[in-house]
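1. Would you be able to build a 3D model of this:
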Amino acid sequence: MNVSHLAAVDAPRAARMLSALRDAALSGESPDLAPRPVIEESWGRMLRGGVDPEHDFRSGLLPPEEVLRRREDSPLRHALPVLREGLLSVADTAQHIMVITDAEGRVLWREGSSAVLRKADGLGFLLGADWRENTVGTNGVGTPAVVRRPVQVFGAEHFVRSHASWTCAGAPVTDPRDGRLIGVVDVSGPLETMHPATLAWVDSVAKLAEARLRELHLTALEGLRAVAAPMLARLTGRALVVDREGWTAAVTGMPYTSRIALPKALSPGRRPLPLLGLCRVEPLAEGWLVRPADEPLPSGATRIVLDLGQPRRWTVTVSGSAGSWAHELSPRHSELLFLLAEHRAGRTAAQLAADVFGDPRRTVTVRAEMSRVRRYLGGILEHRPYRFCDDAEVQVILPPEPSDLLPHSGAPAVLRVRAAPAVL
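-> Predicted coordinates for the structure are as follows:
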């Protein structure tokens, strides 16, 4: 049976046939038509795993703060414009929704037709929900993640009966650098709204997202290479520059390797690294300078210059033993780094929320912004509390007139400094 074609031309008949097929298969009878192989294999996994086909099980939703944290950590945030452009306009018109999950099947983004979103609410297809196959049965998120290829699940092909009015077309998205699963993109809606070409459409957009991630990776490495080149030119001996995940941007005095394994919470200093042994690690913008510990170390402590003297262009410049690099700051990041320069002992997320918003409860927003800041300042910024590292020299360049300090800012702490600026 060509399920996609039948569903497109006669949805009620498709629904009846799929329901009869499911009932027969799950009761041990021999149905007149066999399930599609990908569905039959999935049903087998569900039966062996003890998933109840008659009762809808819903695990607890992730709290909003955890959803936000996972969004910040997900590489798919960089591909959102591609996914939205490729899927949302058509999905909304066709009465579908676009759903993006992480590799664990947790729903991180959910957009599209408001009417279909309300129907999705009734199925538990909510932000933070767990849609792994072994949790909610055969579906267009969990099943593609297991088989690592695009899958469309029509009506009663869903293992759990309560999902039988729903149809999903999902495609896995993998990290183009190493093939690791990073999430699933899915288009879902009522059975009668699905088109035979939906699965190919979703898969093509998922591949566009992977291509975008590959392009961003190469661009980021090229930018890091430009920062690293003058540093490496001044060094003697062996050294390499890698991004935050260990991908190599530049190397001198040693064989090239595409990636080195880095600890999850790498910080500056002497650190043992796989294959390289004991190394000296220094932070760079969006990366690390790594030198074997037996190489000579140029003298010079880390110096941080926060330049707030220009009306609309604020920068942070970091100088170390091997050279310096600069990063242009957004208005929000200029506020946060200024406040941390004022409070060298550090500020908690609640204190920064009060400083910036006048509301210590807005910690989710502060943590999200500080996560972005730490992507380019790395080990220079500590957390718990947030602060500049103890051995760094921090200088702040202020505008000539105190009233010109961060003129965009309405942060209560900045307003107080404008009125009575502290000596930094």
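
2. alpha carbons only for contacts and neighbour counts from here, please
-> Noted.

3. Run through the residues that contact residue 348.
-> Contacts for residue 348 (CA atoms under 8 Å, 6 or more residues apart in numbering) come out as 384, 385, 386.

4. Was I right to think residue 400 contacts residue 308?
-> No - applying CA atoms under 8 Å as the test, residue 400 and residue 308 come out as separate, 10.3 Å apart.

5. what about the two, which has more around it?
-> residue 308 (22 against 10; other CA atoms under 10 Å).

6. surely the more buried one meets residue 396?
-> Yes - judged on CA under 8 Å, residue 308 makes contact with residue 396 at a distance of 7.1 Å.

7. In space, not sequence, find me the middle residue of this structure.
-> The centroid of the chain falls nearest to residue 74 when counting by CA atoms, centre = their mean (1.4 Å).

8. Need the pLDDT of it.
-> Residue 74 is assigned 95 on the pLDDT scale.

9. what helix or strand does the residue nearest to residue 369 when sequence neighbours are not counted sit in?
-> Spatial nearest neighbour of residue 369, chain neighbours left out: residue 333 (7.4 Å); criterion: CA to CA, 6 or more residues apart in numbering. Following DSSP states H and E, one finds residue 333 within helix 331-342.

10. For the stretch 101-250 of the chain, which segments count as helices?
-> 114-122, 133-136, 142-147, 198-234 (DSSP state H, counting those that start in this stretch).

11. how about TSV for the ones you listed, with mean neighbour count and mean pLDDT added?
-> Formatted as TSV, these follow (neighbours: other CA atoms under 10 Å; pLDDT from 0 to 100):
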stretch	mean neighbour count	mean pLDDT
helix 114-122	15	91
helix 133-136	22	94
helix 142-147	23	97
helix 198-234	18	93
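
12. closest to residue 358 out of the ones you listed?
-> helix 114-122 (34.1 Å; CA to CA).

13. Enumerate residues external to that closest one that contact any of its residues.
-> Contact with helix 114-122 is made by 95, 96, 97, 111, 126, 189, 190, as judged by CA under 8 Å, 6+ apart.

14. and those, which two are the farthest apart?
-> The farthest-apart pair in those, when distances are taken by CA to CA, is 95 and 126, at 17.1 Å.

15. quick one on the thing from earlier: for the helix holding residue 333, which residues meet the burial criterion?
-> Within helix 331-342, the residues that qualify as buried are 332, 333, 334, 335, 336, 337, 338, 339, 340, 341, 342, counting by 16 or more other CA atoms under 10 Å.

16. again, but for stretch 64-78
-> Quick answer for stretch 64-78 (16+ other CA under 10 Å): 67, 68, 70, 71, 72, 74, 75, 76, 77.

17. Check which element follows whichever helix or strand the second one is part of along the chain.
-> Read that as residue 68. Using DSSP H and E, residue 68 maps to helix 64-73. Beyond helix 64-73 on the C-terminal side, the first helix or strand identified by DSSP H and E is helix 80-83.

18. count of neighbours near residue 148?
-> The number of residues near residue 148, taken as other CA under 10 Å, comes to 15.

19. JSON lines for the contacts of helix 114-122, including neighbour count and distance to residue 269?
-> Converted to JSON lines, the contacts of helix 114-122 look like this (neighbours: other CA atoms under 10 Å; distance: CA to CA, whole Å):
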{"residue": "95", "neighbour count": "19", "distance to residue 269": "55"}
{"residue": "96", "neighbour count": "28", "distance to residue 269": "51"}
{"residue": "97", "neighbour count": "26", "distance to residue 269": "48"}
{"residue": "111", "neighbour count": "18", "distance to residue 269": "44"}
{"residue": "126", "neighbour count": "21", "distance to residue 269": "43"}
{"residue": "189", "neighbour count": "25", "distance to residue 269": "52"}
{"residue": "190", "neighbour count": "20", "distance to residue 269": "56"}
